[in-house]
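In: show me the folded form of this:
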Amino acid sequence: MAKHTHRDKHQADDDALSNDRALDRDEETTEGSETDLPNTGQHDNNRQDDTAFDTESAAEERPAARVVQPEQSMVAQSKLQRFKRWFGRHKKLTIPGTVIVLLALLAAVPVTRYWLAGLVLKQQLSVTVDDSVTNKPVSNAAVSINGHQAATDAQGHATIRTKAGRTQLTVSKNYYQSVTQPVLVPILKQKGTINLKLKATGRQVSVTIVNKLTKKPVSGATISALETKATTDKNGVAVLVLPADKQTVDASISGNGYNTLTQKITVTTDEKANNAALTPSGNVYFLSDQSGTLDVVKTNLDGGNRKVVVAGTGKEDKRGTVLLASRDWKYLALLSKRDGGDNAKLYLIDTGNDSMITMDEGTAQFSPVGWSDHRFIYTVTRTNVQLWEANRQALKSYDADAKSIGTLDQVGGVGDNILTSYEDFGTPYILKNEIVYTTQWHAQQNPGSYSAQTWELWRDGVRARQAQLHSIHPDGSNGHVVKSYSLTGPTNDYSPVATVALYTHAYEPQSLWILVDNSTVDEYEDGQVKAQPTVTTDDFWTQNYATYLISPNGNNTFWNEARDGKQTLLVGDADAKNGQAIAKLTDYVAYGWYTDQYVLVAKNASELYIMPASGDDAIKLADYYKPFVNFSGYGYGYGGL
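Out: The predicted structure follows:
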């Protein structure tokens, strides 16, 4: 009876355990679990082992022995399933996070670190190449890495941007043994430059290059010979490696801002055997009648490669022909009677292609004033307009870039062919960003009859007119009267008709003296007029006025002064102050600038030279034709002296 009771209790325990497991399965099913744990086999085994245990202890230990392992597995699987579900629901966070973790793991391993960095990261690799014997830099060597290539400069240095990682670096050059070696392109900035040595297979030849005008070394010039190149260093020296079985080779020498030179190079180790001089690029233009006609000619800056740009027609008036260059030598203005007509024409020559077009023409006389940057200033006197008619004269500006004419001002006139009153221009001066000029009135009595009343009205009208000092920008803007001058002093009815007379001189680069009625002197400077009581009429007429030639950048002036019967050439600042003599006791006179580095000088009014603005020997460019017209005081262009 007791044994039967014990079995009933054990069966009850088994039923309770089965119910618990069923609840677990239901919970897992509710949570989406895909695994059900079977119970049948376990129940049978437990019943067979019942007789081996005490009833009470067996009732306590059997559940533990049968349930612990499966339940731990189910809990682990349940957590994994819940993690999977969370991972899938938060892909915006989980996927990037996973990638970052994987990359961090890969980056932590040296083998994969550079492979991984090479996929996304590039870095600068710096290399220098020297000759293995002389230890001098090897220029124009080809440096190759990962399909990228660069050439070494004059210091033997090259920089290549390539992917990070381990790779092969190759350096090669004609007449040198190539070198290949493994390198590591770092992930971070390179700590030190990689240095390689090349062994020459030919003879090392040193060549020294200088500027032909300044005699100073030319750095960065390239020497090419027999399919090899070298670049000059800061001292103007380059080393070529050439075949030892050659005595001489033809070389081409070029540099930025210089004309290319072809010269033979002697294959020798003597470092002083090979020297060359490069001529700065550019051309100087001038008039020449060497051919028997008046031509426009150009030469290189050493006088070589002389060419006729505009051939003369033989109909030119030599006394009236003028050629003026803008400060940058981009444009030339030519006044010439090329077609043999009564009136000369104004032509524009573009030195970029040496083309020529007509600027202005007509029944008129043209008087050049000069260049203000790329605007050419000139006056026109219309010969088909009567003296007493308005607009007989005009002050004009030609825009060479836009190929257009602008009228800056025109004069007035009144009266008739018997009693005439007319206005004209005084000498216009080109200053910085302005044209300064005077206008004044004149009276003329021609044979003929007129009444006393007409005479009085005309006389009083003439005396009431004012002379004026004007300023206007080269583009025609900001035109205004700076100062007006009225007739002063007593006059009687029978005295000659009087008007105010104004005369001007440019005594400094940006300043004018104005003589008023041959009695007092004013000064114009910075837009203002001031009286100069210490300057006399004699000072005005007798002082020697230098023509200050303004450099292209406007920062310097160039002029000459007579001293001890010879000329002294001086270069000063923008206001012609702090002048430094670049030549003394010479026969040269100032002619112009060529860039801001060189000045042009003339000798005997027929020879043209060039020299450094710092002073040195002058190199003759050519003999030239000096026009009869002089443009004293005109400093904003060249060729007028």
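In: contacts only, for the spatially closest residue to residue 398 that is not a sequence neighbour.
Out: Residue nearest to residue 398 in three dimensions, not counting chain neighbours: residue 376, with 4.5 Å by CB to CB, 6 or more residues apart in numbering. Just so you know, the C-beta spots here come from the backbone N, C-alpha and C atoms, and that holds for glycine as well. Neighbour list for residue 376: 324, 326, 331, 333, 346, 348, 359, 368, 370, 397-398, 400 [criterion: CB atoms under 8 Å, 6 or more residues apart in numbering].
In: let's see which of the residues you listed end up in strands.
Out: Among the contacts of residue 376, the ones falling in strands (DSSP state E) are 324, 331, 333, 346, 348, 359, 368, 370, 397-398.
In: nearest to residue 625, of those?
Out: For the ones in strands among the contacts of residue 376, the residue nearest residue 625 by CB to CB is residue 324; the value is 14.1 Å.
In: make JSON lines out of the ones in strands among the contacts of residue 376 and add distance to residue 522 and pLDDT.
Out: JSON lines is the format used below for the ones in strands among the contacts of residue 376 (distance: CB to CB, whole Å; pLDDT from 0 to 100):
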{"residue": "324", "distance to residue 522": "29", "pLDDT": "97"}
{"residue": "331", "distance to residue 522": "34", "pLDDT": "98"}
{"residue": "333", "distance to residue 522": "31", "pLDDT": "98"}
{"residue": "346", "distance to residue 522": "33", "pLDDT": "97"}
{"residue": "348", "distance to residue 522": "36", "pLDDT": "98"}
{"residue": "359", "distance to residue 522": "34", "pLDDT": "97"}
{"residue": "368", "distance to residue 522": "27", "pLDDT": "97"}
{"residue": "370", "distance to residue 522": "23", "pLDDT": "96"}
{"residue": "397", "distance to residue 522": "26", "pLDDT": "98"}
{"residue": "398", "distance to residue 522": "31", "pLDDT": "98"}
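In: so which of those residues comes closest to residue 281?
Out: For the ones in strands among the contacts of residue 376, the nearest to residue 281 is residue 331 (18.1 Å; CB to CB).
In: the closest one is in contact with residue 352, isn't it?
Out: No. Residue 331 is not in contact with residue 352 according to CB atoms under 8 Å; the separation is 9.0 Å.
In: thought residue 152 was touching residue 136?
Out: No. Assessed by CB under 8 Å, residue 152 is found out of contact with residue 136, at 11.9 Å.
In: who's in contact with residue 563?
Out: Each residue near residue 563 by CB under 8 Å, 6+ apart is listed here: 584-585.
In: what distance do you get for it to residue 633?
Out: 20 Å (CB to CB, to the nearest Å).
In: ok, now residue 127?
Out: Taking CB to CB, one finds residue 127 at 59 Å from residue 633.
In: in which helix or strand does residue 86 reside?
Out: helix 55-89 (DSSP states H and E).
In: need the next SSE after the strand ranked longest in the chain, C-terminal direction.
Out: In the chain, ranked by residue count with DSSP E as the criterion, the top strand is strand 434-445. Remark: after strand 434-445, the chain's next helix or strand is helix 452-464, criterion DSSP H and E.
In: quick one: the helices in this structure?
Out: For the chain, the helices defined by DSSP state H occupy 2-30, 40-48, 55-89, 91-107, 110-120, 452-464, 537-542.
In: which residues are in contact with the closest residue to residue 361 other than its chain neighbours?
Out: Spatial nearest neighbour of residue 361, chain neighbours left out: residue 345 (4.3 Å); criterion: CB to CB, 6+ apart. Residues near residue 345 by CB under 8 Å, 6+ apart: 335-339, 358-361, 366.
In: which of those residues count as buried?
Out: With burial judged by 16 or more other CB atoms under 10 Å, the buried subset of those is 335-338, 359-360, 366.
In: could the residues you listed be laid out in JSON lines, adding distance to residue 450?
Out: Formatted as JSON lines, those follow (distance: CB to CB, whole Å):
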{"residue": "335", "distance to residue 450": "40"}
{"residue": "336", "distance to residue 450": "43"}
{"residue": "337", "distance to residue 450": "40"}
{"residue": "338", "distance to residue 450": "45"}
{"residue": "359", "distance to residue 450": "42"}
{"residue": "360", "distance to residue 450": "38"}
{"residue": "366", "distance to residue 450": "35"}
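In: I figured residue 202 hits residue 175, correct?
Out: Yes. In this structure, residue 202 is within contact of residue 175 by CB under 8 Å, at 3.8 Å.
In: what residues do those two have in common as contacts?
Out: With CB under 8 Å, 6+ apart, residue 202 and residue 175 have common neighbours 241-243.
In: just the buried subset of those, written out for ChimeraX, thanks.
Out: To isolate in ChimeraX the members of the shared contacts of residue 202 and residue 175 that are buried, counting by 16+ other CB under 10 Å, one can use:
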select :241,242
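In: closest one of the shared contacts of residue 202 and residue 175 to residue 296?
Out: residue 242 (43.8 Å).
In: look up how far residue 265 lies from the closest one.
Out: For residue 242, the distance to residue 265 - CB to CB - is 7 Å.
In: restricting to C-alpha, output the longest strand of the chain in CSV.
Out: What follows is strand 434-445 as a C-alpha-only set of coordinates in CSV (Å, rounded to 0.1, in the frame of the first residue of the first chain):
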residue,chain,number,x,y,z
GLU,A,434,44.3,111.8,-65.6
ILE,A,435,44.9,114.0,-68.6
VAL,A,436,45.7,117.6,-67.7
TYR,A,437,45.5,120.4,-70.3
THR,A,438,44.7,124.1,-70.8
THR,A,439,42.4,125.9,-73.1
GLN,A,440,42.7,129.6,-74.0
TRP,A,441,41.1,132.1,-76.3
HIS,A,442,42.7,134.1,-79.1
ALA,A,443,41.5,137.1,-81.2
GLN,A,444,42.1,137.8,-84.8
GLN,A,445,41.2,140.8,-86.9
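In: by contact count, what packs against it?
Out: Packing partners of strand 434-445 (3 or more CB pairs under 8 Å, 6 or more residues apart in numbering; DSSP states H and E): strand 393-399, strand 404-410, strand 419-425, strand 429-431, helix 452-464, strand 467-472, strand 502-508.
In: by mean pLDDT, show me the worst of the ones you listed.
Out: Per-stretch mean pLDDT for these is lowest at helix 452-464 (a mean of 84).
In: check the gap between the closest residue to residue 637 other than its chain neighbours and residue 142 for me.
Out: Spatial nearest neighbour of residue 637, excluding adjacent residues (CB to CB, 6+ apart): residue 371 at 3.7 Å. Distance, residue 371 to residue 142, using CB to CB: 48 Å.
In: also residue 511?
Out: 60 Å.
In: kindly report the same for residue 369.
Out: 57 Å.
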